[in-house]
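Q: have a look; sequence and predicted model below, questions after that.
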Amino acid sequence: MRLARRPVGEVRPEDWAHVTEPVPVPGDGEFLGRTRYLSLDPAMRGWLDDRPSYLPPVAIGEVMRAGSVVEVVASNHPEFQVGELVSGGFGVQEYAVSDGRGVIRVDPALAAPSTYLGALGMPGLTAYFGLLEVGALKEGDTVVVSGAAGAVGTVVGQIAKLKGCRVVGIAGGPEKCALLTEELGFDAAIDYRAEDVRKALHAHAPGGIDVYFDNVGGEILDAALTRLAMRARVVVCGAISQYNNETAVQGPSNYLSLLVRRARMEGFIVFDFARRYPEATRELAGWIGEGLIKVKEHVVDGGVDDFPAALGMLFRGENTGKLVLRVG
């Protein structure tokens, strides 16, 4: 799947080129992997715009950037054997050749392969470092997370609970809100589609918000800024409500709350913590194994050609937990 043109607003089918090419042959020190699972992430929308960011934009005609789990089907690499599953940034394609750099082995005995794209992948690491390091979480904090039923939000809330915090999730629809409180252990959930978010935050966080973990931006970020506690920490992880804007991004109008409450708002990229990935992965795997974190995934079956339709699900709020395309 190659990028055919830069999207304006919503990503459309004509923004992509479905290309058929010969299966590549691995050279010395390389292996060939066949894609089994593709990761769908909100950040992908930002990678399509030709503007400065933490990664270069996907170039016109380039294979779409994506994390995936592949099965090794041919190998000239001494450390990778045929039949192994590995995860890495292989892109939206059926086959990929790799020299093994940046590749992580998948242990199906530890977790399902798709989980290495979710709770044991970038979303889980994002939740871990964003909450514990950037958010400087403390026992007894009141934590509010937006996009709470998504890949990152579900993990953020569960880590906060096991660390002894009060957790309020913001999500869209009664089913997602019920999932948060009835299955994942959140103390409260706010349905932004049916409730006044500012009033609900006042009710569920009467003492103020100590950590606000933002995945959506826009009006919900503005509402959260009005409820900050003294010395609050606002963690800027994403802004999915703004990614398809055809006009200027909506910035926070209530930012002076940061001054009044002596709070801070900080953005971060999970790559900043790359050296500590093994530490975080071990802890996350332990929590999952002990049942302290429940993995929520939305797996769609199809082929590489189904990537555009699956990506659109993210921006319509159709997924619960990590969205993955299972190829096969």
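A: Yep, it's here. Numbering: from 1, shown residues only.

Q: how about stretch 75-85 as PDB, C-alpha atoms only?
A: Extracted C-alpha coordinates of stretch 75-85, given in PDB (Å, rounded to 0.1, in the frame of the first residue of the first chain):
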ATOM      1  CA  SER A  75      16.100 -16.300   6.200                       C
ATOM      2  CA  ASN A  76      19.700 -15.700   5.500                       C
ATOM      3  CA  HIS A  77      20.100 -14.200   8.900                       C
ATOM      4  CA  PRO A  78      21.700 -16.400  11.600                       C
ATOM      5  CA  GLU A  79      19.500 -15.000  14.400                       C
ATOM      6  CA  PHE A  80      16.100 -15.400  12.700                       C
ATOM      7  CA  GLN A  81      14.700 -18.800  11.800                       C
ATOM      8  CA  VAL A  82      11.800 -19.700   9.500                       C
ATOM      9  CA  GLY A  83       8.600 -19.900  11.400                       C
ATOM     10  CA  GLU A  84       9.400 -17.300  14.000                       C
ATOM     11  CA  LEU A  85       7.100 -14.300  14.600                       C
END
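
Q: can you tell me what sits against that stretch?
A: Contacts to stretch 75-85, defined as C-beta atoms under 8 Å, 6 or more residues apart in numbering, come from residues 26-32, 36, 69-74, 86, 99-100, 103, 105-106, 108, 113. (Glycine included, C-beta is placed from N, CA and C.)

Q: show me where the stretch 101-250 of the chain has strands.
A: Taking DSSP state E, counting those that start in this stretch, the strands of the stretch 101-250 of the chain run over residues 104-105, 142-146, 166-171, 188-191, 209-214, 228-236.

Q: other SSEs contacting the second one?
A: Right, strand 142-146. Under the contact criterion of 3 or more C-beta pairs under 8 Å, 6 or more residues apart in numbering; DSSP states H and E, the helices and strands touching strand 142-146 comprise helix 151-162, strand 166-171, strand 209-214, helix 218-225.

Q: could you find the closest non-adjacent residue to the residue nearest the centre of the chain?
A: Centroid check for the chain by C-alpha atoms, centre = their mean gives Pro123 as the closest residue, at 4.0 Å. In this structure, Pro123 finds its nearest non-sequential neighbour in Ala151, 3.8 Å apart by C-beta to C-beta, 6 or more residues apart in numbering.
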